[in-house]
Every structure is written in structure tokens, then in C-alpha cells.
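> Structure here, sequence nowhere to be found:
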């Protein structure tokens, strides 16, 4: 059940991302959208530096 939930969430997010990039391409040009796509994986790397807000188990 959890894997189905995650797969559904991921495919939904990809669909929304494709629609947003398609809209941006139609409004501007493909030459404008390609550099944006180059920097998208860097945002994924930045998630490694997010703080851990998990529950403190020492209490």
C-alpha cells in the first residue's frame, strides 16, 4: 500500500512538472527552458543539507 502511494505521488508530481515546463516552453521558448532543466538536479542535492527534524529519542 505504501509503495503504491509513493508511486502515485511520484507520477503525479512528474505530470505536474511536465505540464509546468510545457507551459513555460509555450510562453517563452525551448532555449529558455533548457537552462532551467539543467539546474533542477542541483535542488535535489541541496536536500542533503536540510536539517533533521526527526523526533528526539533520548528523552
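It's in. Computed from a predicted structure; not experimentally measured.
> From residue 21, how far out is residue 46?
Here residue 46 is placed at a distance of 20 Å from residue 21 (C-beta to C-beta, to the nearest Å). Every C-beta, even on glycine, is put in place using the N, C-alpha and C of the backbone.
> which one of the two has more residues nearby?
residue 21 (16 against 9; other C-beta atoms under 10 Å).
> Now that one: closest residue in space, sequence neighbours ignored.
Distances taken as C-beta to C-beta, 6 or more residues apart in numbering put residue 33 closest to residue 21, at 5.9 Å, once the chain neighbours are dropped.
> Name the residues of the strand or helix carrying residue 21 that are buried.
Per DSSP states H and E: residue 21 is located in helix 2-27. Going by neighbour count (16 or more other C-beta atoms under 10 Å), the buried part of helix 2-27 is residue 21.
> Report how many residues lie close to residue 41.
When neighbours are counted by other C-beta under 10 Å, residue 41 registers 9.
> Tell me the spacing between it and residue 19.
20 Å.
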